[in-house]
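# All I have is the shape, not the residue letters:
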């Protein structure tokens, strides 16, 4: 594959909500099970990879809702994200088991979930199903909500703290 082909493949996975809505609907019409998860994914690590790989196994197509830079700042603080949304989106799109990445500006992915109506909504097991944003909408539409256990000892926040402690 030539470099431009790789770039085209990555860029084709990073999309806007309107385009993704029709793509997801087409996948579902073909009988494919669409899985949705979301997050910041600031410093991609083995915990993220494991979580996303497990999420992808719950269906046929994996969509990731990615918090925008402004959303991350509101949620995590002014010093985050470390990597901007374009870099984070490209890294996620590079994963072979990811089918689409959509950046969202809101603090929660409720609008994405309500628009896309995935067959499976996935979050980490630090959430209880009743506290997952979009869960009641997905269930009301006949979908499922599932949680995945994290790989212990891995988080972007802890990696950032470790780096900061080594600098000071």
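It's in. These numbers come from a predicted model, not from an experiment.

# Show the residue spans covered by the strands in the chain.
Listed in chain order, the strands of the chain (DSSP state E) span residues 14-15, 34-39, 61-67, 100-104, 120-124, 144-148.

# Select, out of those strands, the one closest to residue 90.
Counting by C-beta to C-beta, residue 90 lies closest to strand 14-15 out of the strands of the chain; the figure is 7.1 Å. Every residue, glycine included, has its C-beta placed from N, CA and C.

# who does the closest one touch, helix- and strand-wise?
helix 85-93, strand 100-104 (3 or more C-beta pairs under 8 Å, 6 or more residues apart in numbering; DSSP states H and E).

# can we see that at 6 Å?
Applying 3 or more C-beta pairs under 6 Å, 6 or more residues apart in numbering; DSSP states H and E, one finds that strand 14-15 contacts strand 100-104.

# Helices of the protein, residue ranges please.
3-13, 17-29, 46-56, 69-76, 85-93, 110-116, 135-140, 156-167 (DSSP state H).

# low-scoring pLDDT stretches of this protein, where are they?
1-3, 153-154, 156-157, 160, 168 (pLDDT under 70).

# how deep is residue 27 tucked in, by neighbour count?
Residue 27: 20 surrounding residues under other C-beta atoms under 10 Å.

# How about it, nearest residue that isn't a chain neighbour?
Residue nearest to residue 27 in three dimensions, not counting chain neighbours: residue 61, with 5.0 Å by C-beta to C-beta, 6 or more residues apart in numbering.
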